[in-house]
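Q: curious how this folds, go ahead:
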Amino acid sequence: MKLNFESELNPQQALAVRSIEGPVLIIAGAGSGKTRVITYRIAYMLERGIPQHSILALTFTNKAAREMEARVKERTARKLQNLTVSTFHSFGAQILRNHIEALGWRKNFSIYDETDKIQAIKDALRECKVSAETNDISKISQLFSAIKTGIKDWDNNLDIAYKPVYEEYSRGLKVYNAVDFDDLLVLPIKLFFEHPEILEKYKERYKYIMIDEFQDTSLIQYRLMKMISGRNVCVVGDDDQSIYSWRGANYENIVNFEKDFNELLEIKLEQNYRSTTTILEAANGVISNNTSRKDKKLWTNSLNETPIELWTPENDNEEAGFIATRIKAVIHEEKRSFNDFGVLVRANHLFEKIETAFREYNIPYQVSGGQSFYARKEVKDILSYMRVIGNTDDDVNLLRIINTPKRGIGKNTITKITELANINKSSIWEAMQKMRYAEGTLFQEVAKDEFNDFMMLIEKHRAEMLGKRGLSQKLRALIEEIDYHGYLVLENGKNKNAAHYKYYNIEMLLESIEKWERDPDNFDPTLYPYLNRISLITQDKDDNTESGKANIMTIHASKGLEFPVVFIAGAENGNIPSERSLEENSSNIEEERRLFYVAITRAMNKLIITSCRKRKKQQTVVDRVPSPFLEEIPSHLISNHNPETAAPITSTSEFVLRLKKLGA
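A: Take a look at the predicted model:
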């Protein structure tokens, strides 16, 4: 399919597509069609005869990668079996799947998510005789990430006391044949340093590399990219949208790229295809106050001059009720759908009031950024039991449950059984079978007994579950036999409410299985069909938008999305910019301003901002003042309002009256 640049791309976009030789820096403003450019660029390379396997495109979410690949297929009408479009972490995982044995792991390693990581840290604390209850596990997790990725080191570090815990945590990962999220970037770099012949294979293969959202790359991601790249590297980003420094992103990678590839071609994409002139003028007015940025100014041919609405409700209850009422008014007035609306806040503690109001007003909604039900540790544990019962050779899930609840099987014993499996090129279950009946001193008799009890448990429930109905009842019997509730009580110390809440999630899992079993269209309500169903449900994690529902999300979660109507709630000093940034240095304020800029540029047609005069903080009502960023929006773009208190609507006639008051 011949590409038609003249009719489908503006001149700067077309230049970016055609410039495939040598290093290229594309500064792509918000809504400027960067995905379109990357898509056309790949299609243009293929049209020029560049092999698929020579192209590597890296982005930040699986959703973005899928969308990019789908668009290339549409443009080229080709099968793309050999094209690599991936996230950084997925690409790192792919490298490790092929070569991790060179670093001492087994090939079928598991990847720990944050829930698994937190549990592994708790285990490491316990091994080091340190109380988990008196430590902030989340902060320890952040510290370990910073140490592992090189953002911090142990020298002159006030957290040096955690070094033995970090070492025990790292040892535990290897014992359980697991890696954490940071390892997906750290270990490929280690692999390439220790095995340059492997690095050479990747450099030989990927002759054309593209990086999307380059301003969000961390130093370690930049390092990985630089190791495998040759001369033909294209990075696409916008320093004005760099909002992830707290997780290691470094917008100065754009400066690093300019230094390392000093013969680069720089192309600016400034024409915006998303927002109105009013919204773009507001965004430009705000972001121009940052000093550490490349000069650019978004513009558009969309001349709609609808003003930005600024509402100053009395408090957060009134704010939430107003947002709900205003959504219904706009739907009535403009014939919109609920999924046309995005409600953005600085931090997720601001969700509660808005969610409550949406429920009162019968507004269907979804919250982005929350933890998936199936990602909760207690649910994952029980699913792992089911998977091992279904397939005893599943090393990943077996290692997850072999000592959950605690069975006295220590890390040294697990290391030995893993080594035995490696020697015999067998699964861990098969190695356990050999050890079960072996004579000699390799394992203490106590360990043999614990292994034997565990295997007898799995074999018993395997005989009861495989191919048989009544799955939920049989699973409940297993949960009771291992006393999972007792395990939760022990794990959560004195916090019995947390243990009961987590066990409630197990009850919800059992109820969902019972419901699935009762479905008249389910002709085979047994173990394997259920496991297949769960795999399909859990494989998609980052598709954040659902049709027919309004969207409540943090500004960070809104990155890359757009909505016809956007509310920015809680635009007050202390929210945005945050209190922490006000206490720290000016670079933090600049990032907060970039965050506000991102929020503004999510809006396509209408932008509504709320700033409360009072807000409840813990148990106290405190006075609030508007965000200083609001003063940076040119005053002629803003229409100021002061809403009446938005009490819950109790009847249709009351709703109609409310619409009239809002001007609908």
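
Q: quick one: end-to-end length of stretch 597-610, please.
A: Across stretch 597-610, the terminal residues are separated by 16 Å (Cα to Cα, to the nearest Å).

Q: where does the chain have low pLDDT?
A: Within the chain, the stretches with pLDDT under 70 are 1-3, 6, 247, 369-372, 439-447, 494, 535-547, 584-587, 618, 643-664.

Q: try 50 this time
A: Along the chain, segments meeting pLDDT under 50 span 540-544, 645-656, 658-660, 662-664.

Q: quick one: contacts of the longest strand seen in it?
A: Scanning the chain for the longest strand, with DSSP state E as the assignment, gives strand 603-610. Under the criterion Cβ atoms under 8 Å, 6 or more residues apart in numbering, residues 274-276, 278-279, 282, 304, 306, 308-313, 319, 322-323, 326, 330, 342, 562-571, 600, 630 lie in contact with strand 603-610. Glycine gets a C-beta too; all of them are placed from N, C-alpha and C.

Q: so which of these belong to strands?
A: Taking DSSP E as the definition of strands, those contribute 308, 309, 310, 311, 342, 563, 564, 565, 566, 567, 568.

Q: and the spatially closest residue to the second one that is not a sequence neighbour, how far is that from residue 101?
A: If I follow you right, that is residue 309. Taking Cβ to Cβ, 6 or more residues apart in numbering as the measure, residue 309 lies nearest to residue 608, with 4.5 Å between them; neighbours along the chain are not counted. Separation of residue 608 from residue 101 (Cβ to Cβ, to the nearest Å) stands at 55 Å.

Q: higher neighbour count, those two?
A: The residue with more neighbours, out of residue 608 and residue 101 and counting by other Cβ atoms under 10 Å, is residue 608; that gives 23 against 12.

Q: so the more buried one bridges to which residues?
A: Judged by DSSP bridges, the bridge partners of residue 608 are residue 309, residue 567.

Q: using the three-state scheme, assign residue 582.
A: Assigned with DSSP: H, G, I helix; E, B strand; the rest coil, residue 582 falls in the helix class.

Q: what's the neighbour count on it?
A: The criterion is other Cβ under 10 Å. On that basis, residue 582 has 13 neighbouring residues.

Q: that one contacts residue 572, correct?
A: No: checked against Cβ atoms under 8 Å, the pair residue 582 and residue 572 is beyond contact range at 11.8 Å.

Q: you'd agree residue 282 is up against residue 635?
A: No: with contact taken as Cβ under 8 Å, residue 282 and residue 635 are classed as non-touching, separated by 10.6 Å.

Q: the two - which one has more neighbours?
A: Neighbours per residue, other Cβ under 10 Å: of residue 282 and residue 635, the larger number sits with residue 282, 26 against 9.

Q: for residue 283, see how far away the closest residue to the more buried one other than its chain neighbours is.
A: Spatially, and ignoring its direct neighbours in sequence, residue 282 is nearest to residue 633 (4.5 Å; Cβ to Cβ, 6+ apart). Remark: distance between residue 633 and residue 283 (Cβ to Cβ) = 9 Å.

Q: again with residue 116
A: For residue 116, the distance to residue 283 (Cβ to Cβ) stands at 39 Å.

Q: which one's more surrounded, the two?
A: Set side by side, residue 116 and residue 283 give different neighbour counts by other Cβ under 10 Å, the larger being at residue 283 (27 against 20).

Q: and the more buried one, what is it in contact with?
A: Residue 283 sits next to 30, 275, 298, 597, 600, 601 when contact means Cβ under 8 Å, 6+ apart.

Q: what sits against the second one?
A: Think residue 275. When contacts are counted by Cβ under 8 Å, 6+ apart, residue 275 touches 30, 31, 283, 300, 302, 601, 603, 604, 605.

Q: the last one too?
A: The contact partners of residue 601, by Cβ under 8 Å, 6+ apart, come to 30, 31, 272, 274, 275, 279, 280, 283, 298.

Q: and it, how far is that from residue 304?
A: Distance from residue 601 to residue 304, counting by Cβ to Cβ: 15 Å.

Q: then the fifth one?
A: Distance check for residue 600 against residue 304: by Cβ to Cβ, it reads 15 Å.

Q: ok, residue 340 next?
A: Using Cβ to Cβ, we find residue 340 at a distance of 16 Å from residue 304.

Q: do the same with residue 193
A: 54 Å.

Q: higher neighbour count, these two?
A: Ranked by neighbour count (other Cβ under 10 Å), residue 193 and residue 304 place residue 304 first, with 13 against 10.

Q: give me the nearest residue to residue 301, chain neighbours excluded.
A: Closest residue to residue 301 apart from its sequence neighbours, by Cβ to Cβ, 6+ apart: residue 271 at 7.8 Å.

Q: quick one: contacts for that neighbour?
A: Counting by Cβ under 8 Å, 6+ apart, residue 271 makes contact with 10, 12, 32, 33, 298, 299, 300, 301.

Q: wait, the fifth one touches residue 282, no?
A: The reference is to residue 298. No: contact status for residue 298 versus residue 282: not in contact, 10.5 Å apart, counting by Cβ under 8 Å.

Q: packing partners for the strand or helix carrying residue 434?
A: Under DSSP states H and E, the secondary-structure element containing residue 434 is helix 428-436. For helix 428-436, the packing partners by 3 or more Cβ pairs under 8 Å, 6 or more residues apart in numbering; DSSP states H and E come out as helix 395-401, helix 411-424, helix 445-465.

Q: let's see 6 Å
A: Counting by 3 or more Cβ pairs under 6 Å, 6 or more residues apart in numbering; DSSP states H and E, the packing neighbours recorded for helix 428-436 are helix 411-424.

Q: now, of the contacts of residue 271, which are buried?
A: The neighbour count (16 or more other Cβ atoms under 10 Å) marks 10, 12, 32, 33, 298, 300 as buried among the contacts of residue 271.

Q: what would those look like in a markdown table with secondary structure and distance to residue 391?
A: Supplementary listing: the buried ones among the contacts of residue 271 in a markdown table, determined by DSSP: H, G, I helix; E, B strand; the rest coil; distance: Cβ to Cβ, whole Å:
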| residue | secondary structure | distance to residue 391 |
| --- | --- | --- |
| 10 | coil | 53 |
| 12 | helix | 53 |
| 32 | coil | 48 |
| 33 | coil | 46 |
| 298 | coil | 53 |
| 300 | coil | 55 |
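
Q: from those, which is closest to residue 512?
A: Taking Cβ to Cβ as the measure, residue 512 lies nearest residue 33 of the buried ones among the contacts of residue 271, at 41.9 Å.

Q: contact partners for that closest one?
A: Residue 33 sits next to residue 273 when contact means Cβ atoms under 6 Å, 6 or more residues apart in numbering.

Q: same check on residue 568?
A: 344, 599, 609.

Q: will you turn those into JSON lines that also has distance to residue 223?
A: Formatted as JSON lines, the contacts of residue 568 follow (distance: Cβ to Cβ, whole Å):
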{"residue": "344", "distance to residue 223": "33"}
{"residue": "599", "distance to residue 223": "31"}
{"residue": "609", "distance to residue 223": "40"}
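
Q: what's the closest of the residues you listed to residue 248?
A: Using Cβ to Cβ, residue 599 is the member of the contacts of residue 568 that lies nearest residue 248, at 22.0 Å.
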